[in-house]
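In: Below are the sequence and a predicted model; questions follow.
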Amino acid sequence: METRRLQILAELSRLGSMRAVADVLGITTSTVSQQIAALAGEMGTALIEPSGRLVRLTPPGRRLAEHAVTILAAVETAHRDLGPGAEPNGTLRVAGFATAFRGYLLPVVIELAVSNPRVHVLMREHEPAEALALLAADEADLALTYDYNLAPAAADPTVSARPLWTAGWGLGVPVGAEAHEGTTLDTFARFRAHDWIVNSRNTADEQVIRTLSSMAGFSPRVTHQADSLELVQEMIVAGLGVALLPVDYPLLAGVRLLPLTAPEVELRAYAVARHGRLDWPPLALVTDLLTAAASR
């Protein structure tokens, strides 16, 4: 049922003349007649009947006109509620990685509770591939993802990605391990005989490790996998291997972080949404707040 036809019927109920409806809506009387006839066909009942030189609504026509007023008002309210200029209101489903949640989204949620209490954020912790799959299935409205400068994610034309922040990464090694200043390739070469620990739910850091190891002239022995950075550090302390770690992450006693330069290793975080959704007020608000938090 087209709302345009309901509008014509509501105007006919108010004005009582097809010509008056045509004048108000800027259409022809024949268009008014055709649209009313099409609406009657959809409803399976006559909506108008002759009344002298004019027409009048039948009882079903009057009843539908009453519904039309209510329906059109609801549609207008929806436009105001969902339009780009509307006050943010509704539930935003966010899928993203734990570091983004802890460092950026949780403070935003706390801020929203005061500044925009009608916006509710549902959080689901996932690695990038999982978060993007939820976005594609329309089970999430916003995905917080990441890649590395040395392992860039493939472009996806179905989504829009806004850069949020970058974070440098180093090589986590046991405190007692011998290490000297040098380039990234020098550092990797010194640990060629060690086992390497990688993420269990994302292959990006393993791609970085294999790329740099190849440039340093060896193939890394990738053994253990863990998703938690705390667990990765505990593995390093236990002597199970070495791993990439963010430079600004708190280190456990027994872990030393070696800088990686020439080339640098950087994680790049993004806010990703499907095309056509970016101007939805709750999504636009949270994305803006995340961007502002990242800039700080």
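Out: Right, received. Where do you want to start?
In: Next SSE downstream of the strand ranked longest in the chain?
Out: Looking only at the chain and at elements set by DSSP state E, the strand with the highest residue count is strand 159-174. Following the chain from strand 159-174 toward its C-terminal end, the next helix or strand by DSSP states H and E is helix 184-190.
In: residues making contact with that following helix?
Out: Helix 184-190 is contacted from outside by 171, 178-180, 182, 212-213, 215-218, 258, 260-265, using Cβ atoms under 8 Å, 6 or more residues apart in numbering. Just so you know, the C-beta spots here come from the backbone N, C-alpha and C atoms, and that holds for glycine as well.
In: What is the neighbour count of the nearest residue to Arg118 once chain neighbours are set aside?
Out: Using Cβ to Cβ, 6 or more residues apart in numbering and skipping residues adjacent in sequence, the residue nearest Arg118 is Asn89, 4.4 Å away. Applying the criterion other Cβ atoms under 10 Å, we find 15 residues in the vicinity of Asn89.
In: So what touches stretch 49-57?
Out: Around stretch 49-57, the neighbours that count as contacts under Cβ under 8 Å, 6+ apart are 9, 12-13, 16-18, 47-48, 58, 65.
In: ok, of those residues, which come out buried?
Out: 9, 12-13, 17-18, 47-48, 65 (16 or more other Cβ atoms under 10 Å).
In: can you name the two of the residues you listed that are farthest apart?
Out: Of all pairs drawn from the buried ones among the contacts of stretch 49-57, the one with the largest separation by Cβ to Cβ is Ser17 and Leu47; the distance is 15.1 Å.
In: how close does His67 get to Leu39?
Out: Using Cβ to Cβ, to the nearest Å, one obtains 12 Å as the distance from His67 to Leu39.
In: of those two, who's got more company?
Out: Set side by side, His67 and Leu39 give different neighbour counts by other Cβ under 10 Å, the larger being at Leu39 (21 against 13).
In: Quick check: which element contains that one?
Out: For Leu39, the enclosing helix or strand under DSSP H and E is helix 29-43.
In: if we can go back for a sec, buried residues in the longest strand of the chain, which are they?
Out: Along strand 159-174, these residues count as buried under the neighbour rule (16+ other Cβ under 10 Å): 159-161, 164-165, 167, 169-174.
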